[in-house]
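Visitor: How does the following fold in three dimensions:
(4 chains)
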Number of protein chains: 2
Amino acid sequence: MTETPTNKVSLQDKRSQAMRAKICHAAIECLDRLGYAETTFAKIQAKANVSRGAITHHFPTKQALVAATAMQLLSNAQGPVERGDTLGVLPVYDLIMTSWNRIVNSSGGRALVEILVACRTDAELYQLLEDSLLDWDQSNLALIAQSYTSTDGDREDTELLWSIARNFLRGLLLHEKFVSSPEYLTRMMDRFARMMETQLSVRPTPDLEIDQ
Amino acid sequence: MTETPTNKVSLQDKRSQAMRAKICHAAIECLDRLGYAETTFAKIQAKANVSRGAITHHFPTKQALVAATAMQLLSNAQGPVERGDTLGVLPVYDLIMTSWNRIVNSSGGRALVEILVACRTDAELYQLLEDSLLDWDQSNLALIAQSYTSTDGDREDTELLWSIARNFLRGLLLHEKFVSSPEYLTRMMDRFARMMETQLSVRPTPDLEIDQ
DNA sequence: ATAAAAACAGAACGGGCGGTCTGTAAACTG
DNA sequence: CAGTTTACAGACCGCCCGTTCTGTTTTTAT
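Guide: Numbers count the residues shown, from 1 in each chain, chains lettered A, B, ... in the order given. Reported below is the predicted structural model:
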């Protein structure tokens, strides 16, 4: 069934989704490069090369746009943790390093932090994102717990450790510009990853069913 | 001696400094409660109960005001790490807990994070604060290294560990609103503090000279 | 084919922002 | 005590922001 006769996704839906993705992509770049405050409709419009009406049509308010952008970022940030460059499960050390290099310290990761910070003081934005972020957190922890386990074998401890790692990496993002030298940041990452290695390990019996 | 003969600090200087402190204090509250973007001259003016002219007289631009606020926050955040409630040096576990409760997760700590985030994308603000923040970082690490030491006795390792702790606590601030329950946050703190306990310890020979 | 609805396009607008500018009182200087 | 400087006070302004509103084109339903 290559051709789906009863095409649920109409031509309009496709255009719509493409436009929304285009706008959100531009929003991510703006958030990363300009920060939340300077991320304005005009800037997004210019970067995405779309009209003003297109933006306001799809996103009635700025918070709605940012919330939609955040949700897209979350779904993007979900997968790559486990399947990095290699097909199998990464060693703990590499998991930390890859999370930093590919997820947190990326355009999307930095944009997400901007949004998280904005959520702290923007009640409307917070309300739009609260549920999604809690869900993401849960499923992200579950994903980790599938492939990794605390040395004491406790499921909750595994999740705690990974939560700690995530928060450390996010905090590192704020500190990055004020680190004395790039090498020092490398050493911090190395030290943290080595510390985590002593607490966390790859689950001895990997999942039998591996998708794709 | 109400009248100090060789008065280095003039009456003007006193008024000036008092006004600046008043404005910065209001700025801290605004940054904490409203975030950087919504922290505006008008809001600060209202919260501090001062005139608009007073603010613009002391701080030519918003960045200058925020930078001055940040410097005040840094000097406040420097001391309390070591001498918490007790007079002596805190155990590592308590050091972590106290740092969170009294420093990072305080009005000033949250304001500082807002400023750090703003620095990432505001070149002018970054330039004003770069040196001060690097200096603060150095002296903060030195302060810790005075009272604590890595289990392997290495000075640099001590600093790395404390840098890790600081970044974790800051990251936790971003995540705080999205934690599933307050107890979970407590458990994260406990888990992290216990992990740090295995790496860091109170220096066996405390400093002989203790100021004040 | 035709009507309705959705997807844009872009002008318009009120408000609040950061920054400037002028006026006044207090504090220093000689 | 005169004269200058500093510390405020508050009006003012241009700009840009988020939002709204009115067309125009494209898709969809009948």
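Visitor: ok, the residue nearest the centre of chain A to residue A:112 distance?
Guide: Centroid check for chain A by C-alpha atoms, centre = their mean gives residue A:77 as the closest residue, at 3.5 Å. Look at residue A:77 and residue A:112: by C-beta to C-beta, to the nearest Å, they are 7 Å apart. Quick note: C-beta positions are derived from backbone N, CA and C, even for glycine.
Visitor: tell me the pLDDT at the residue of chain A found nearest DNA strand C?
Guide: Of all residues in chain A, residue A:53 sits closest to DNA strand C, with a separation of 1.9 Å (C-beta to the nearest atom of the strand). According to the predicted model, the pLDDT of residue A:53 comes to 97.
Visitor: For chain B, what is the nearest residue in chain A?
Guide: The minimum distance from chain A to chain B, using C-beta to the nearest C-beta, falls at residue A:171 (3.0 Å).
Visitor: Now that residue. Nearest residue, chain neighbours left out?
Guide: residue B:171 (3.0 Å; C-beta to C-beta, 6 or more residues apart in numbering or on different chains).
Visitor: other SSEs contacting the stretch of helix or strand that neighbour belongs to?
Guide: Using DSSP states H and E, residue B:171 maps to helix B:155-175. Packed against helix B:155-175 by the contact rule (3 or more C-beta pairs under 8 Å, 6 or more residues apart in numbering or on different chains; DSSP states H and E) you find helix A:107-121, helix A:155-175, helix A:182-197, helix B:107-121, helix B:123-147, strand B:148-150, helix B:182-197, strand B:200-202.
Visitor: and the last one, anywhere near chain A?
Guide: By that I understand strand B:200-202. No: applying C-beta under 8 Å from any C-beta of the partner chain, one finds that strand B:200-202 is not in contact with chain A, the shortest distance being 10.7 Å.
Visitor: tell me what that strand is packed against?
Guide: For strand B:200-202, the contact count by 3+ C-beta pairs under 8 Å, 6+ apart identifies helix B:92-98, strand B:148-150, helix B:155-175 as packing neighbours.
Visitor: Show me what that strand pairs with in its sheet, parallel or antiparallel.
Guide: Each strand that strand B:200-202 pairs with, and the sense of that pairing, follows from DSSP bridges: strand B:148-150 (antiparallel).
Visitor: how about the partner strand: buried residues?
Guide: Under the neighbour-count criterion of 16 or more other C-beta atoms under 10 Å in any protein chain shown, strand B:148-150 has B:148, B:149, B:150 buried.
Visitor: again, but for stretch A:43-63
Guide: Residues A:43, A:44, A:45, A:47, A:48, A:50, A:55, A:58, A:59, A:62, A:63 are the ones in stretch A:43-63 that count as buried (16+ other C-beta under 10 Å).
Visitor: quick one on the thing from earlier: nearest to residue B:124, out of the buried residues of strand B:148-150: which one, please.
Guide: Taking C-beta to C-beta as the measure, residue B:124 lies nearest residue B:148 of those, at 36.4 Å.
Visitor: I'd assumed residue B:196 was in contact with that closest one.
Guide: No: counting by C-beta atoms under 8 Å, residue B:148 sits too far from residue B:196 to count as a contact (9.8 Å).
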